[in-house]
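*Asks:* Fold the stuff below for me.
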Amino acid sequence: MTEPDKTETNQPEFEIREARRDDIPQLEELVDHFVTANRLLPRTFDELCDLIPFGFVAEINGSIVGFAALEIYSAKLAEIRSLAVHENHQGKGIGRGLVQRCVDLAVRRNVLEVMAITSADVFFQACGFDFTLPGEKKALFMQTRDEY
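*Replies:* Model (predicted):
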C-alpha cells in the first residue's frame with residue numbers, strides 16, 4: 001500500500017511500505033541522526049530487528065526518509081516507537097502517514113490504546129492523540145537516571 005505525497009507536483013512523492021530487514025542499514029543512519037540530536041532513544045541493531053515486523057518506512061526515489069514502528073505490549077496497549085523523518089522531508093505528511101499506518105495496524109490487531117512518548121506533542125495532537133483518554137486516564141512517568 002502506498003501513500004503518495006499530496007503536496008506540490010514539483011516535490012517528489014513518497015511511498016510508505018512495510019519495513020524489511022534489509023532496510024536496517026539506512027534505518028540505523030536515520031535513527032542515529034536523531035539520537036545524536038537527543039530527539040530519539042538509541043536503538044541497537046537487535047532492537048531495530050525487533051521493530052521491523054511492525055515497522056513502516058517512507059521512501060523517496062528508493063531512499064528511506066522516514067520510519068516508525070508499533071510496539072504492541074498487550075491487547076490493551078501499543079506504542080509508536082522511533083518515529084523519524086529526515087529533516088529535508090519534514091512537513092510533507094510523511095510523519096503523519098507513518099503514524100497513521102501504525103494506528104491502522106493497531107486497529108487491525110484490535111489494540112485498544114496507542115500511546116506516543118514524545119517531545120513533539122503538538123505533532124501527535126495534530127494526528128489525533130491527546131494527553132488524556134476518556135475517563136481522564138493519564139500516563140505518569142518517573143525517570144530513573146539522568147542520561148539515556
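
*Asks:* shouldn't residue 20 be in contact with residue 52?
*Replies:* Yes: under the criterion of Cβ atoms under 8 Å, residue 20 makes contact with residue 52 at 6.8 Å. Placement of C-beta: from N, CA and C, glycine included.

*Asks:* Which of these two has more residues huddled nearby?
*Replies:* residue 52 (18 against 12; other Cβ atoms under 10 Å).

*Asks:* For the more buried one, give me its contacts.
*Replies:* Counting by Cβ atoms under 8 Å, 6 or more residues apart in numbering, residue 52 makes contact with 19-21, 23-24, 69.

*Asks:* Same check on residue 103?
*Replies:* Residues in contact with residue 103 (Cβ under 8 Å, 6+ apart) are 114, 127-128.

*Asks:* now it: how far from residue 79?
*Replies:* Distance, residue 103 to residue 79, using Cβ to Cβ, to the nearest Å: 12 Å.

*Asks:* which neighbours do these two share?
*Replies:* Contact criterion Cβ under 8 Å, 6+ apart; residues shared by residue 103 and residue 79: residue 114.

*Asks:* picking that back up, going by neighbour count, which of the contacts of residue 103 comes out on top?
*Replies:* residue 114 (19 neighbours).

*Asks:* Which helix or strand contains that one?
*Replies:* strand 113-115 (DSSP states H and E).

*Asks:* can you check residue 81 too?
*Replies:* With DSSP H and E as criterion, residue 81 is part of strand 77-85.

*Asks:* Show me which residues of that strand are buried.
*Replies:* For strand 77-85, the neighbour count (16 or more other Cβ atoms under 10 Å) marks 78-85 as buried.

*Asks:* Right, I'll call it a day here.
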